[in-house]
Every structure is written in structure tokens, then in C-alpha cells.
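1. Need coordinates for the below:
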Amino acid sequence: MTTSKLTVERCAAEHRASIARENRRVTSYDVALVAGVSQSAVSRCFKPGASVSKTTHARVMKAAVLLDYIPNAAARSLITRRSNMIALIITNQANLYYPELLAELSQQITARGKRVLLFTLARESDADRVLADVWQFQVDGVIAAASLSGEHIAEFKRRRVPLVVFNRTLRDHSVNTVTCDHHETGRMLASRLAAAGHRQFGIIAGTEDSVVASERRRGACERIAELGLPPPVIVPGEYDYRSGAVGLKAIIEQLGGVPDAIICGSDVMAIGCLDYARHELGIEVPGQLSVAGFDAVEPSNWLSYNLTTLRQPMPKMAAAAADLLSSIIDRPDADEAERRVFNAQFIEGATARLTPVGPAAPTVAAGMRAPVAIM
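-> Numbers count the residues shown, from 1 in each chain. Next up, the predicted model:
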């Protein structure tokens, strides 16, 4: 029975009845028979980016709809030897503070004919916990927004699983990377604040196992030292709201007074620091204290905060990561690792003084501001 003798609709109806009697699933061969094309033509129609004429594509799609055909991803993976799945390893903190990241990466990966398999980590140092599961799914590649050790990198190479490290810089390893220059963002923020007359800095840093926090802190401290300013007082933080208040309190206690500026490792900590300064200590921001963060999360734009911060170009970075991973999958024997680096955008906000006011502020050695009572 061919389409030259019967309409596509009638052919599909009769063929569907035959399939029902045989109690089996519709296959690409059934679609090919009804559409009057080869099975390979059907496969090309369901493969993103494949070459197929508009006429053939229309005939195949019509036959597929009439037969209620759904491509078998498992069967296709056996033929292509690819799962068409990309593992995305991301920390809970990254998912919380970059909510657009998961959506952007998923969209970019899907546009390239792949699907996302998500693995989340409580902390960056928990990668060992999920990698065993990643190997089991035989994914085509991995985008890891988490820290990986030298042993992890070696295991990816041994298993020949393409890897792109996202928004992390692993300086001691040759690995494909897409990242924002976090070291430079730390330098940029310190430079802008120092140019406005700030001399004594406090830093509420991120967790010890965070490569991003480490790079931002290193950049800020390096620039402060280059400018000949007093070393900043550095206290740890957990990237949460409470850490901002606890960190500010600890910095003031160590200095015996209020610093000129606080650099926070994330916007959430900066908001916590800001609220504590204004509402608990009665400190005028930015009159007495400048507060700045990183990441430009949505609350940082709210009128009650209008935070001075830096924004990473997440859409561009996600597209670059998906593009880089796709190219590695297509040419697995490429030897040299590629590193694509993006710059952050400075958001002035209203929580930091960014223009000099009168003579440069005295350093803490020459005289600290009056102490503030800690409640």
C-alpha cells in the first residue's frame, strides 16, 4: 500500500489499524511508509539542524501526527552512540543566587538538540557525591558550575567525557572553561571605591571552598595593597542574609569603629549588611559607610536597596558554555583546552559613595571614626 494509490490520511488510518492489531508501537519505518519517503529521511526530520527539504519535512510531520508517532530517544542513542543528555552540576547556592543560570543553560542546550540532566550539590566540595551517578547515565558531556579537583579532571579525561567548567577558574589544570573574570571584578570594585576616597575596607567573604569567593577576595586585596591602603579586615560568610549582619558586627569590633567601605561576596550578604547598618546601628549608608556586593540578583534592584554591585553576563556565558561543549563533543580529539572569559558590568546603585568628597578620608592609622555601639 503506497501513498500514490491512497491519500495520506487514508493510508495512515489503515496503517494505524494494522499496528493496533499487531499490538506494537509506531516506528520511524511506519512513518516512512505513510509519508512515502525513506526511513533515513524520517530520522533527519527529527534531528535538529539536519538537511531536509521543506516538502519532505512537511510530509513526514503530517504522517507522524496522523500516526501519533513519538521518536524513540533510547533507540536513537543506540544508533548514534550518544545519549543526547548533558549533565549540569550546580551548587544549591549558585541555583539560589543565579536563578536565571539554569534556565539559560537549559535553553541553550535544548536548542542544540540535547537535554539537561541536573545534579545539585549542597557545597562545592561535594562533587565526589554526584560524579558516580554522572558516569552511570553515560552523558554526552558535562557543564560543571562547581569546583573540581585534579583527580576529577583526570577522571573526565580517562572516561573521555567532554567537560566545560562554568564560572570557575581552575588555574592549575588544563580544562575548557567559560567564566567571568572574578579576580578582575574584585580589583574593579576596590578601585572604584578607593578612587572615591575610601581608605579602610572590610570584606565579608564567601565560603572557604568557593573558588568564586576566593578569586573576588584575592582581586580586591591585591588592588588595595597596590594602592598602599591599610589591609582590609576579612571575615567569613555563608552567602546568606545573616552573614551580612554578623560580618559587619565582627568587622566593627575588630577595627574599633566603622570602616569606610564593606565589600560583600554576594548581594544577599550585602543586603544583610545594609539592613543591619541602617536599622540596628543607625549608620547612614552611603554617608558614613559604603556597601557593595556582587551578582546583581533581583532584590538588589529594589528601590529600598538599589545596591552598588556587579552583574555577570549570564545569557552570553550560558550560550558560550553550550557552544563550547557542543564543539568538544563533535571533535573529541581536540588537544588544547579553551578558556572564554567575560567581564562584569558595574552597577553604580545608591549604597556606595563613588565620587570624592573633600580631602581624602584619613586612614585608620591616622584616625578612625568614632566607635559605634554594637547591640
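
2. Identify the residues contacting the nearest residue to residue 165 once chain neighbours are set aside.
-> Using C-beta to C-beta, 6 or more residues apart in numbering and skipping residues adjacent in sequence, the residue nearest residue 165 is residue 177, 4.8 Å away. Backbone N, C-alpha and C define where each C-beta goes, glycine included. If you count contacts by C-beta atoms under 8 Å, 6 or more residues apart in numbering, residue 177 has them with 164-166, 168-170, 337-340.

3. So which of these is the closest to residue 195?
-> Of all these, residue 195 sits closest to residue 169, with 26.1 Å by C-beta to C-beta.

4. Determine the set of other helices and strands touching the helix or strand where residue 102 lies.
-> Per DSSP states H and E, residue 102 falls inside helix 99-110. Taking 3 or more C-beta pairs under 8 Å, 6 or more residues apart in numbering; DSSP states H and E as contact, the helices and strands that helix 99-110 lies on are strand 85-91, helix 92-97, strand 115-121, strand 141-145, helix 314-330.

5. Given the strand or helix carrying residue 202, what are its sheet partners and their directions?
-> Mapping residue 202 onto the secondary structure by DSSP H and E places it in strand 201-204. Take DSSP bridges as the rule and strand 201-204 pairs in its sheet with strand 233-235 (parallel), strand 261-264 (parallel).

6. Could you dump those strands into JSON lines with distance to residue 219, mean neighbour count and mean pLDDT added?
-> As requested, those are exported to JSON lines (distance: least, C-beta to C-beta, whole Å; neighbours: other C-beta atoms under 10 Å; pLDDT from 0 to 100):
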{"stretch": "strand 233-235", "distance to residue 219": "13", "mean neighbour count": "19", "mean pLDDT": "97"}
{"stretch": "strand 261-264", "distance to residue 219": "10", "mean neighbour count": "32", "mean pLDDT": "97"}
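
7. among the helices and strands packed on helix 99-110, where is the model least confident on average?
-> When mean pLDDT is averaged over each of the helices and strands packed on helix 99-110, helix 92-97 scores lowest at a mean of 65.

8. All the helices of this structure, in order from the start?
-> Counting by DSSP state H, the segments of the chain that form helices are 8-22, 28-35, 39-45, 54-67, 73-80, 92-97, 99-110, 127-136, 150-159, 182-195, 211-226, 241-255, 267-275, 314-330.

9. Make TSV from those and add mean neighbour count and distance to residue 201 to it.
-> Output for those, formatted as TSV (neighbours: other C-beta atoms under 10 Å; distance: least, C-beta to C-beta, whole Å):
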stretch	mean neighbour count	distance to residue 201
helix 8-22	14	72
helix 28-35	22	64
helix 39-45	19	60
helix 54-67	17	61
helix 73-80	12	53
helix 92-97	17	23
helix 99-110	18	29
helix 127-136	14	32
helix 150-159	14	33
helix 182-195	21	7
helix 211-226	21	6
helix 241-255	21	9
helix 267-275	27	13
helix 314-330	19	27
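
10. Just tell me which of those helices ends up closest to residue 119.
-> Using C-beta to C-beta as the measure, helix 127-136 is the one of the helices of the chain that comes nearest residue 119, at 4.3 Å.

11. gap between residue 157 and residue 206?
-> 29 Å (C-beta to C-beta, to the nearest Å).

12. what comes into contact with the helix holding residue 102?
-> In this structure, residues lying in contact with helix 99-110 by C-beta under 8 Å, 6+ apart are 86, 88, 90, 94-95, 115-116, 118, 143, 145, 166, 298, 314-315, 318-319, 321-323.

13. That helix: how far from the chain's middle?
-> Shown here is helix 99-110, whose average C-alpha point lies 9 Å from the average C-alpha point of the whole chain (C-alpha atoms, centre = their mean, to the nearest Å).

14. try stretch 15-27
-> Mean C-alpha position of stretch 15-27 versus that of the full chain (C-alpha atoms, centre = their mean) differs by 45 Å.

15. Now do that stretch: everything it contacts.
-> 1, 30, 33-34, 66-70, 72.

16. now residue 183: how far from residue 60?
-> Counting by C-beta to C-beta - residue 183 and residue 60 are separated by 52 Å.

17. same thing with residue 355?
-> Note on residue 355: its distance to residue 60, by C-beta to C-beta, is 64 Å.

18. likewise residue 32?
-> Where residue 60 is concerned, residue 32 sits at a distance of 8 Å (C-beta to C-beta).

19. Of the strands paired with strand 201-204, which is nearest residue 44?
-> Taking C-beta to C-beta, strand 261-264 is the member of the strands paired with strand 201-204 nearest to residue 44, at 52.4 Å.

20. Can you give the contact residues for the closest one?
-> Defining contact as C-beta under 8 Å, 6+ apart, one finds that strand 261-264 is touched by 186, 189-190, 193, 198, 200-204, 220, 232, 237, 244, 247-248, 251, 270, 273, 289-294, 352.

21. again, but for stretch 294-309
-> Contacts made with stretch 294-309 from outside it, assessed by C-beta under 8 Å, 6+ apart, are listed as 97-99, 185, 189, 216, 264-268, 270-271, 274, 290-293, 310-312, 344-345, 347-352, 354.

22. measure it end to end?
-> For stretch 294-309, the first-to-last residue distance is 5 Å (C-alpha to C-alpha, to the nearest Å).

23. So for residue 223, what pLDDT did the model give?
-> The confidence metric pLDDT takes the value 97 at residue 223.

24. circling back: can I get the helices and strands packed on helix 99-110 in CSV including distance to residue 224?
-> Putting the helices and strands packed on helix 99-110 into CSV (distance: least, C-beta to C-beta, whole Å) gives the following:
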stretch, distance to residue 224
strand 85-91, 28
helix 92-97, 25
strand 115-121, 32
strand 141-145, 28
helix 314-330, 27
